[in-house]
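Q: Here's a sequence, model it:
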Amino acid sequence: MGYSASGRGEGGREVRGQVRRMLDKYRGLADRLSLSEAQEQQPDVSIEALRQAELSCLRRWQTNPELGRGAMAVVMAGEWAQNLATLETELEEAVSTAVDAARKPWWNSSTSLLRVHPPAAMAERRRDLCLRGSSPLRSPELGTLMLD
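A: Here you go, the predicted structure:
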């Protein structure tokens, strides 16, 4: 498209700063998912700052037609940053759930889907299910299926 906000004043700098904040938030989510050491909390993207930067560039464009491409670049980047910041906020809960689940020991969880049965009991239970015409592979009672 040929739009560029380079050298276009405070609006472009403000949007770049907010985009850096947004990227830091996404890096924080990635760090949490990788179970890395906790990093310091990153500041949220300021939607108000993005909007003010966009409006500032659009106002300057009204008095100087040469600033049109730069103003459009700032507005488009600001809109993308707002949408991605909203997505990041929505991902917070899912990331927290995934991290909490990853930190629970699978062998010791009362909510675990894995139920441990001795091999002899598993074999006996499989035979019972087969005799009743049920598939042991689809039995929620077994949890895990140990093949002989």
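Q: name the helices or strands packed onto the lengthiest helix in the chain?
A: Counting residues, the longest helix found in the chain (DSSP state H) is helix 68-103. Using 3 or more C-beta pairs under 8 Å, 6 or more residues apart in numbering; DSSP states H and E as the contact definition, the elements that helix 68-103 packs against are helix 10-33, helix 47-63. Backbone N, C-alpha and C define where each C-beta goes, glycine included.
Q: What's the per-residue pLDDT of Val95 here?
A: In the prediction, the pLDDT value recorded for Val95 is 93.
Q: That one: what's it in contact with?
A: Residues in contact with Val95 (C-beta atoms under 8 Å, 6 or more residues apart in numbering) are 29, 32-33.
Q: Could you measure from it over to Thr89?
A: When C-beta to C-beta, to the nearest Å is the yardstick, Val95 and Thr89 sit 11 Å from each other.
Q: again, but for Asn83
A: As defined by C-beta to C-beta, Asn83 lies at a distance of 11 Å from Thr89.
Q: For Gln41, which three-state class applies?
A: Look at Gln41: counting by DSSP: H, G, I helix; E, B strand; the rest coil, its state is coil.
Q: excluding its backbone neighbours, what's nearest it?
A: Closest residue to Gln41 apart from its sequence neighbours, by C-beta to C-beta, 6 or more residues apart in numbering: Gly28 at 7.8 Å.
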